[in-house]
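Colleague: got a sequence here, can you model it:
(chains A and B)
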Amino acid sequence: MARSNDLVAQMLDEFADLLAISAGDPFKVRAYEKAARAVEGYHVEVERLDEHELDAIPSVGSHIARKIAEFLRTGTVDELDGLRSRVPAGLRTLLAVPGLGPKRARQAYDELGVTSLSELLDALHDQRLRHLRGWGAKSEENLAKAIHEAQTGGGRIPLGVALGLAEDLLEDLSSVDHVSKAAYAGSLRRMRDTIGDVDLLVASDHPEPVMQAFTELPLVGRVVAQGPTKSSVVTTKGVQVDLRVINPSVWGAALMYFTGSKAHNIRLRYLAERAGLKLSEYGLFEAGTGRLLVSQTEEDVYGRLGLPWVPPTIREDTGEIEAAVAGQLPQLVELRDIRGDLHTHTNLTDGVAALPEMVAAAKRHGYRYYAITDHAPLLYMQRMTADKALEQRRQIRQLERQTGMVLLHGSELNIQPDGTLDWDDDFLAGFDIAVASVHSAFRQSRQAMTARLVRAVENPFVNVLGHPTGRTIGHRRAIDADWDAVFRAAACAGAALEINSFPDRLDLSDELVRRARHAGVKFAISTDAHAVPHLDYMRFGVATAQRGWVGPAEVINTWPLDKLRRFLAKRRPARRRTG
DNA sequence: GCCGTTTTCGGCCCGACTGTTTTCAGTCG
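Modeller: Predicted coordinates for the structure are as follows:
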């Protein structure tokens, strides 16, 4: 089930949204948002805390602590119910439209009675919004575009959400009688960045009770179809989940079939056909006699086709079959290869955990080294200063001595529209590592953006280009640049490209990763963690790297420390003594 | 609503960008 911290954070976010729509005190709105982030990232499950302990969470005071306690006790909060009754249901969903905030959502409701996305689309269609104060034709046009983009995102859900849901469901299913194996398949197992519906596979000799249990799970909102071996449901949150129950003896063939991709399966069946065989979800058979040859494990089936087992993350028919036939499947980077995280934040800027907590968590992950890369001054809202950075460096050195862990003091710099960065060279030279990222002016022309990124990666102090395209999945599209030119420049200048593991970023994307490889760039797979639980996102970044066919040698944070240090240092001019 | 070695009251993330406004409001990061 969902972590209690996430449920509480959702509750507080709803509080903040409804207050904002009700034109409440903006500082109060922010207080709820801040508390939501603090709870979400808090290292202890809030359901285990009493009101006094809740109050001790930074950014949670006595009032919010009381509301959290009420929520955990009763499942709701009186004051929130009151707010809900005063704000039309549906109005809140409009805040998810990029570019539409609480003020304008409220205005559309007050003056046009708009309470839902479909009513907003009607109003757009009738050109009624442009007559409201502060609106015009251009705002209508931008809004229509934003809605269109969000919708053609296609109802797909981010990998991280789908995986969490699948794991919750599998945990429930595994405890059902007669279930011998349970796994997720489909695009989720291939770790695509977004997932259409969740495919689950269960091995059992008694399918009916398993199906019955599945359709009665608490997460199920609606049963779309229910049969003895296949059922489809829609969860309470609107995600479609398909379950297939198969005999344990055909596990391997079924898992292959339901993992896909469709294109990969078609190629395999073609290979089988040419060898006088027939491949289906029930196994690999002799075409003439129909005799079953293999079906139990994926390795068995691939093996009988004359192929090594193909990792699910590359089963897209983009060359993996040919490589497998030739015995040249790439060695892919694995989570266990990762020796450290090179992009993380603390509460010195917009993280929610203090430096010692993050370092302790990194140590629990078994990392050999760990970089702290808080934001730099040009992201004004973070109020970073040189003094703060130096004080943090002092603390880091002290923590290194205390924990015996190798800590790299870094910074996440801001790439300005002209490609320049925060701080001067002397100050930059004091950092162990610098990640440079675009945080503003996302809509420059391709030419300007390319020049901007190239200038940034060519800066001798820049080691990693952070979340290179700036996309947030389902929300903001990638910036426009000549990526091949950027990749060439990065490879030439010795700057690594980040594969940001945050599930709504996954940036670079698998496709761009593959292109970047061809330019010979190195990668840094990092979490961009803003809280302790975010460190677990590493697996999403690793999966994205795998989808891009990346091997461990190409990933700088699989390297031993001395090799990593040489990579980080080699581009820098000899450091001038600054006294 | 949260928070505090300048404050228990009075601040609170600050600037860019966009489109609308004839001087600024809303949204975003």
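Colleague: report the distance from stretch A:213-224 to the chain centre.
Modeller: Stretch A:213-224 sits 26 Å away from the centroid of its parent chain (CA atoms, centre = their mean, to the nearest Å).
Colleague: run through the stretch 151-300 of chain A and note the low-pLDDT ranges.
Modeller: Where the stretch 151-300 of chain A drops to pLDDT under 70, the residues are A:152-155.
Colleague: now the helices for the stretch 151-300 of chain A?
Modeller: Remark: helices assigned in the stretch 151-300 of chain A by DSSP state H, counting those that start in this stretch are A:159-174, A:186-189, A:207-215, A:251-259, A:262-274, A:298-304.
Colleague: right, and the ones you listed - which one's nearest A:Gln546?
Modeller: helix A:186-189 (11.9 Å; CB to CB). Where you see a C-beta, it was placed from the backbone N, CA and C, and this is true even at glycine.
Colleague: what residues does the closest one touch?
Modeller: Residues from elsewhere that reach helix A:186-189, judged by CB atoms under 8 Å, 6 or more residues apart in numbering: A:159, A:162-163, A:166, A:183, A:195-199, A:258-261, A:312.
Colleague: ok, for A:Ala323, nearest residue in space, not its chain neighbours?
Modeller: Counting by CB to CB, 6 or more residues apart in numbering, A:Ala323 lies nearest to A:Leu329, which is 5.1 Å off, once chain neighbours are set aside.
Colleague: which SS state does that neighbour fall under?
Modeller: Three-state assignment for A:Leu329 (DSSP: H, G, I helix; E, B strand; the rest coil): coil.
Colleague: do you have the strands of the stretch 51-200 of chain A handy? List them.
Modeller: A:157-158, A:179-184, A:194-195, A:198-204 (DSSP state E, counting those that start in this stretch).
Colleague: residue contacts, the residue nearest to A:Ala323?
Modeller: By CB under 8 Å, 6+ apart, the contact list for A:Leu329 reads A:308, A:310-311, A:320, A:323.
Colleague: thinking again about what came up before, can you redo the strands of the stretch 51-200 of chain A as TSV with distance to DNA strand B and mean neighbour count?
Modeller: Below are these laid out as TSV (distance: least, CB to the nearest atom of the strand, whole Å; neighbours: other CB atoms under 10 Å):
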stretch	distance to DNA strand B	mean neighbour count
strand A:157-158	15	22
strand A:179-184	30	19
strand A:194-195	18	22
strand A:198-204	27	23
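Colleague: quick one, which of those gets closest to A:Ala362.
Modeller: Closest among these, using CB to CB: strand A:157-158, at 24.5 Å.
Colleague: what's that closest one in contact with?
Modeller: Strand A:157-158 is contacted by residues A:193-195, A:239, A:473-474, A:503-504 when judged by CB under 8 Å, 6+ apart.
Colleague: which of these has the largest number of neighbours?
Modeller: A:Ile195 (25 neighbours; other CB atoms under 10 Å).
Colleague: which residue does chain A bring closest to DNA strand B?
Modeller: Using CB to the nearest atom of the strand, A:Gly136 is the residue of chain A that sits closest to DNA strand B, at 1.9 Å.
Colleague: closest to A:Val513 among the contacts of helix A:186-189?
Modeller: The shortest approach to A:Val513 among the contacts of helix A:186-189 belongs to A:Leu159, at 14.7 Å (CB to CB).
Colleague: count of neighbours near the closest residue in space to A:Leu120 that isn't next to it in sequence?
Modeller: Leaving aside its sequence neighbours, A:Leu120 sits nearest to A:Val114 (CB to CB, 6+ apart; 5.1 Å). By other CB under 10 Å, 25 other residues sit near A:Val114.
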